[in-house]
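[1] Let's see this in three dimensions:
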Amino acid sequence: MARQNRPTPIWSSLLCSTSLLFAAPAFAQVEITGDETTPVETNTAGDGNTPSDVTITSTGNVILETAGPAVILNSDNALINEGGIRIQDVDGATGVSLEGGANRSFTNSGVIQIDENFDQADTDDDPFFDTPAASGTGRTGILISGASPFQGNVTLTETSNIIVEGNESFGIDLSNTPLGAGLDGDLNLGGALSLTGDNGAAVRTRGDITGNVISTGAVNVFGEGSAAFDIGADIGGGFSSSGSITNNGFRL
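    Sure, this is the predicted structure:
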């Protein structure tokens, strides 16, 4: 485990001829620079289990062998992933959980990989695979949920890479549980987002979004009954796609 706590500077100002010192509060900035094998929560990431902004740097990884979530944004803070978040061969696994609340944001420019060690097989000696596209179930790259809206933007940059393998699974799931409070902000989809498995979606929304959904990256889906975008709630701004969408349930 490699974490670094870096407080931001305290700024002061002097008004007129009187010595009045105003200090902004110091907020911790936790950096994960190595391999972390236990879940990370922003609510307890700081010194003394206090809330903190969290950045997983390009050399950092959160790797679990349990369902997770691997990383949880559950305080009024920012979460940035520049490294890797990985769970393999675990049903019901979640990479990143974004819980509702004010003054929050999530930016992903690294890898979120919730996958499995599974190879399709040909069982009848013809040229085609016969087994399902995936074997596991219930996997999610990014879950947005909570009793109140997630107030802030969710941004996948051009270097973002989200890989999810599993049936009834989702790259991004704006859940309707417990109350379907939704996203009070924009959902920006850059980079690559791929889902392999039946009856899932690369992006599913069941809670309202007050801002825009903007897709500029590559969305790739393979699986019977799976969708690239499954929009089941209001988008207050608008939906636009200038990237690519590949959605295929056929083997050939």
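
[2] Could you tell me how far Gly48 is located from Asp208?
    Taking C-beta to C-beta, to the nearest Å as the measure, Gly48 falls 37 Å from Asp208. In short, each C-beta sits where N, CA and C put it, glycine included.

[3] who's more crowded, those two?
    The neighbour comparison of Gly48 against Asp208 (other C-beta atoms under 10 Å) goes to Asp208, with 16 against 6.

[4] Contacts only, for the more buried one.
    When contacts are counted by C-beta atoms under 8 Å, 6 or more residues apart in numbering, Asp208 touches 180, 182-183, 233-236.

[5] neighbours around the closest residue to it other than its chain neighbours, how many?
    Sequence neighbours aside, Gly182 is the residue nearest to Asp208 in space, at 4.0 Å (criterion: C-beta to C-beta, 6 or more residues apart in numbering). For Gly182, the neighbour count with other C-beta under 10 Å is 27.

[6] my guess is Gly182 contacts Ala233, does it?
    Yes: contact criterion C-beta atoms under 8 Å: Gly182 and Ala233 qualify, at 6.7 Å.

[7] Quickly list what's touching both of the two.
    Contact criterion C-beta under 8 Å, 6+ apart; residues bridging Gly182 and Ala233 by contacting each: 174, 207-209.

[8] Go through the contacts of Asp208 and flag which are in strands.
    Of those, the ones assigned to strands by DSSP state E are Leu183.

[9] Which single one of the contacts of Asp208 is nearest to Ala227?
    Ala233 (14.5 Å; C-beta to C-beta).

[10] contacting residues around that closest one?
    174, 176, 180, 182, 205-209.

[11] Between all of those, which two are separated the most?
    Top of the distance list for the contacts of Ala233 (C-beta to C-beta): Asn176 and Ile209, 12.8 Å.

[12] more crowded one of those two?
    Ile209 (25 against 16).

[13] So what sits opposite that one in the bridge?
    With DSSP bridges as the criterion, Ile209 is bridged to Leu183, Ile235.

[14] wait, it sits on Ile231?
    No: taking contacts as C-beta under 8 Å, Ile209 lies outside contact range of Ile231: 9.2 Å.

[15] Which strand in this protein has the most residues?
    Across the chain, the longest stretch assigned as strand under DSSP E is strand 140-151.

[16] export the contacts of Asp208 to CSV and tack on distance to Gly243 and pLDDT?
    As requested, the contacts of Asp208 are arranged in CSV below (distance: C-beta to C-beta, whole Å; pLDDT from 0 to 100):
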residue, distance to Gly243, pLDDT
Gly180, 27, 61
Gly182, 23, 93
Leu183, 20, 96
Ala233, 22, 94
Asp234, 23, 95
Ile235, 17, 97
Gly236, 22, 96
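
[17] how many other residues sit next to Thr37?
    Thr37 has 12 neighbouring residues, counting by other C-beta under 10 Å.

[18] Name the surrounding residues that touch stretch 213-222.
    133, 156, 158, 160, 186-196, 200-203, 205, 227-229, 231, 235, 237-249.

[19] Convert the C-alpha atoms of it to PDB, please.
    Taking Å, rounded to 0.1, in the frame of the first residue of the first chain, the C-alpha atoms of stretch 213-222 are listed here in PDB:
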ATOM      1  CA  VAL A 213     -24.800  13.100 -21.700                       C
ATOM      2  CA  ILE A 214     -22.000  13.600 -24.200                       C
ATOM      3  CA  SER A 215     -20.300  10.600 -25.800                       C
ATOM      4  CA  THR A 216     -17.100  11.300 -27.700                       C
ATOM      5  CA  GLY A 217     -15.400   8.000 -27.300                       C
ATOM      6  CA  ALA A 218     -15.800   4.400 -28.500                       C
ATOM      7  CA  VAL A 219     -18.600   2.300 -27.000                       C
ATOM      8  CA  ASN A 220     -18.400  -1.400 -27.900                       C
ATOM      9  CA  VAL A 221     -20.900  -4.000 -26.800                       C
ATOM     10  CA  PHE A 222     -21.100  -7.700 -27.600                       C
END
